[in-house]
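Student: With the sequence up front, the predicted model follows.
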Amino acid sequence: MTISPNKKIYFASDQHFGAPTPELSFPREQKFVAWLDEVKKDAECIFLLGDLFDFWFEYKTVVPKGFVRVLGKLAEIRDSGIPIYFFVGNHDLWMNDYFQKELNIPVYHDNQEYEFNGKTFLIGHGDGKGPGDKGYKRMKKVFTSPFSKWLYRWLHPDLGMKLAQYLSVKNKLISGDADVKFLGEEKEWLVQYSKRKLETKHYNYLVFGHRHLPMVITVGENAQYVNLGDWIGYFTYGVFDGEKFELKEY
């Protein structure tokens, strides 16, 4: 893709709307909608890298209540012709085709590769990647199996949502949330994952969410690992203007 003159590509991740309660989450939702309103003015496209919601499950005819302002703004932006790409995170990994059908937003369940103005990108949420984190990786296999999803659908939505919200907050093994302190390059598993990916193919930018820590780390020659941070404590986002990638705070 060639970025049009005076246009930019925007990236954001880990909003976790609905946490810890809908009432406390609401100001963050308003702030994110304001950001979307601002970036739509010069956006070539927008990448959302997962955990937009603290929990999301699509029953056959039911989706979680709430988030109308965010969903409406995404629909407005997409209807205006600006592409939006959504990557499933560990808190919304049960997303299916609702975004595709209702908002015309494609949903990806794993990393995707892109090229913008000659710069190569590897983009994904980042959960379950790299060495370690074996407990979460096992849990993810269980939770993403067709049988688990079929079984969960038999729960009444009110019960299913309440159970999921409890687990999201209380059980860090299930949620996959890591310690939000910087661990150092050798212990940051997404840094190690990025370096390993570069052994087989070069990317200029490897962009992920999940860690909730905004950081840009050089991982190879003309190659940077970028973590987008979050919209809970940092309110950070990425922007690529066709030449360079920057992290900014809203």
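Tutor: Alright, I've got the coordinates.
Student: Contact partners for the nearest residue to residue 82 once chain neighbours are set aside?
Tutor: Nearest residue to residue 82 in three dimensions, chain neighbours excluded: residue 43, at 5.3 Å (Cβ to Cβ, 6 or more residues apart in numbering). Backbone N, C-alpha and C define where each C-beta goes, glycine included. Going by Cβ atoms under 8 Å, 6 or more residues apart in numbering, residue 43 touches 7, 8, 9, 10, 77, 82.
Student: following the helix or strand hosting residue 32, which helix or strand comes up?
Tutor: In the assignment (DSSP states H and E), residue 32 maps to helix 22-39. Next helix or strand after helix 22-39 toward the C-terminus (DSSP H and E): strand 43-48.
Student: Taking helix 22-39 as reference, get the angle to that following strand.
Tutor: Per axes from the mean of the first three to the mean of the last three Cα atoms, to 10 degrees, the angle that strand 43-48 makes with helix 22-39 is 160 degrees.
Student: which residues sit against the helix or strand following strand 43-48?
Tutor: Next in sequence after strand 43-48, counting helices and strands by DSSP H and E, comes helix 68-79. Around helix 68-79, the neighbours that count as contacts under Cβ under 8 Å, 6+ apart are 15, 17, 29-30, 32-33, 36-37, 40, 43, 46, 52, 84, 102-105.
Student: rerun at 10 Å
Tutor: 15, 17, 26, 29-30, 32-37, 39-40, 43, 45-46, 48, 52-53, 63, 67, 82-84, 86, 98-99, 102-105 (Cβ atoms under 10 Å, 6 or more residues apart in numbering).
Student: Please indicate which of those residues are buried?
Tutor: Neighbour-count burial (16 or more other Cβ atoms under 10 Å) is assigned, among the contacts of helix 68-79, to 15, 17, 29, 32, 35-36, 39, 43, 45-46, 48, 52-53, 63, 67, 82-84, 86, 99, 103, 105.
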